[in-house]
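# Sequence first, predicted coordinates after that:
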Amino acid sequence: MWGVDRLKKRAVVIDSLVDLPPYFKSSIPIEVVGFRVYIDDVEYIDGKTISKEEFYKKAMKSENLRTSFPPPNETKAIYEKLKEKGIEEVLALHLPSRVSGFLSSLETIIKEVGMKIKVIDTRSLSAGAGVVAYKLIEMFEKGKKLEEIEKAFWKIRKNLLLQFSVPSLKFLIKNGRIGKAKGLIGTLLNVLPILTVDEDGEVAIMSKVRGRKRVIEKMIENILKFTDKSGKIEMIVGWGAEHMKEKAQQLKKFLFEKLGNKIEKCAEIVISPTVGCHSGPEVFGIVIYAEQEGKW
């Protein structure tokens, strides 16, 4: 294990699509690349010039939501500032390459900055990316080599189940984030999707149900199957617009009734505005982290 002085030369960079769980506190610096969110073409910087609550209030009144990643010089400045502070190694944890071209632009920045930077595609979003990120950051804090952390990624990722639901696919379609869920386009009005982000980092269909009441029931069924042979689990529920909070908390309540003896950590979050632009404001979901053998 590295000494304190050596650890002072390490830092983490994430982006605003990563929702770290509130129970995670880092002992090393974490910088955030703030994506741009646009509501009716008015630009905001996620996490800086608009709060989550303010974003969702405005978003509920708009049909025109979109995002973009920040100018390359802004991202480059984050790394250059870390270098000036004496940081030698950076763990960079970012959104899936299938969702955005940001990782491609980052490759050029890394070459120009000239630091030891390990970029890992979290292949998840929001709290899903947050759990992957914090597990890897914990290893980084303990002095593990960047190469060791990269090797540990898939073991961590396979223990993750992300589910979310939206009443309409219009925002996912409009923003080009429909991914492997495009087969749902044109389905019957009363059929609702339960979506996930798969191991390729794409939005995909997990389940289809008929009627809003079945959404939570089916999410619970999927979770019980996923955690059947696992030990302790972590659970994070999240929502976008304020009126979706009730659904997320209802899901949490039912899971405590079913799995209360297994739940080791639990948190609630408001989903990042960058993700909310892609999904639309009426989104709620859950992330389960459960260590287990094999794959589900």
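Arrived safely.
# What segments of the chain are helices?
4-7, 52-59, 72-84, 102-113, 126-141, 146-157, 170-174, 213-226, 245-259, 273-279 (DSSP state H).
# Mean pLDDT lowest where, among these?
With a mean of 65, helix 4-7 has the lowest mean pLDDT of those.
# distance of S62 from Y56?
For S62, the distance to Y56 equals 11 Å [CB to CB, to the nearest Å]. From N, CA and C alone the C-beta is placed, and that goes for glycine too.
# which one of those two has more residues nearby?
Y56 (23 against 14; other CB atoms under 10 Å).
# Setting aside sequence neighbours, what's the nearest residue to the more buried one?
Counting by CB to CB, 6 or more residues apart in numbering, Y56 lies nearest to A241, which is 4.6 Å off, once chain neighbours are set aside.
# before we move on, back to that, how about the helices of the chain in CSV, adding distance to L93?
Formatted as CSV, these follow (distance: least, CB to CB, whole Å):
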stretch, distance to L93
helix 4-7, 18
helix 52-59, 20
helix 72-84, 13
helix 102-113, 11
helix 126-141, 4
helix 146-157, 10
helix 170-174, 23
helix 213-226, 23
helix 245-259, 24
helix 273-279, 15
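# which stretch among those helices comes nearest S207?
helix 213-226 (4.9 Å; CB to CB).
# Tell me which residues touch the residue nearest to G231 when sequence neighbours are not counted, please.
Nearest residue to G231, sequence neighbours excluded (CB to CB, 6+ apart): E291, at 6.4 Å. Residues in contact with E291 (CB atoms under 8 Å, 6 or more residues apart in numbering) are 159, 230-232.
# Are any of those residues buried, and if so which?
Among the contacts of E291, those classed as buried by neighbour count (16 or more other CB atoms under 10 Å) are 159, 230.
# Can you name the residues that contact E199?
Here E199 is in contact with 123, 157-158 (criterion: CB under 8 Å, 6+ apart).
# Of the residues you listed, just say which sits nearest to S272.
Among the contacts of E199, and counting by CB to CB, the member closest to S272 is R123, at 16.6 Å.
# Correct me if wrong: D198 contacts L162.
No: in this structure, D198 is not within contact of L162 by CB atoms under 8 Å, at 9.3 Å.
# neighbour-wise, which of the two wins?
Each of D198 and L162 has its neighbours counted (other CB under 10 Å); L162 has more, 24 against 18.
# Check that one and give its pLDDT.
Confidence at L162, expressed as pLDDT, is 97.
# The closest residue to it other than its chain neighbours - how many residues pack around it?
Leaving aside its chain neighbours, L162 sits nearest to G128 (3.8 Å; criterion: CB to CB, 6+ apart). Using other CB under 10 Å, G128 has 30 neighbouring residues.
# if I pick G128, what's in contact with it?
122, 160, 162, 197, 287.
# Then V275?
17, 19, 125-126, 283.
# quick one: it from K57, how far?
16 Å.
# if we can go back for a sec, my guess is the residue nearest to Y56 contacts P273, does it?
No: using CB under 8 Å, A241 is not in contact with P273; the gap is 11.3 Å.
# any residues in contact with both of these two?
56, 59.
# ok, the two, which is more surrounded?
Just comparing A241 and P273: by other CB under 10 Å the higher neighbour count belongs to P273, 32 against 20.
# can you count the residues close to the residue nearest to the more buried one when sequence neighbours are not counted?
Counting by CB to CB, 6+ apart, P273 lies nearest to F55, which is 4.0 Å off, once chain neighbours are set aside. Around F55 sit 26 other residues, with neighbours defined as other CB under 10 Å.
# G201 now?
Neighbour tally, G201, other CB under 10 Å: 22.
# Identify the residues contacting it.
Counting by CB under 8 Å, 6+ apart, G201 makes contact with 96-99, 121-124.
# hmm, 7 Å instead?
By CB atoms under 7 Å, 6 or more residues apart in numbering, G201 lies in contact with 96-99, 121, 123.
# Let's see if you can find the most crowded of those.
Within the contacts of G201, V99 tops the neighbour count with 26 neighbours, counted by other CB under 10 Å.
# Hmm, R66 is touching D40, no?
No: R66 sits out of contact with D40 when judged by CB atoms under 7 Å, with a separation of 9.9 Å.
# between those two, who's got more neighbours?
A direct count of neighbours by other CB under 10 Å for R66 and D40 places R66 higher, at 17 against 12.
# That one and V42, how far apart?
Distance from R66 to V42, by CB to CB: 11 Å.
# Equivalent analysis for G238, please.
Taking CB to CB, one finds G238 at 25 Å from V42.
# Of these two, which one has the most company?
G238 (26 against 11).
# Looks like the more buried one contacts G285 (just checking).
Yes: the pair G238 and G285 passes the contact test of CB under 7 Å, sitting 5.7 Å apart.
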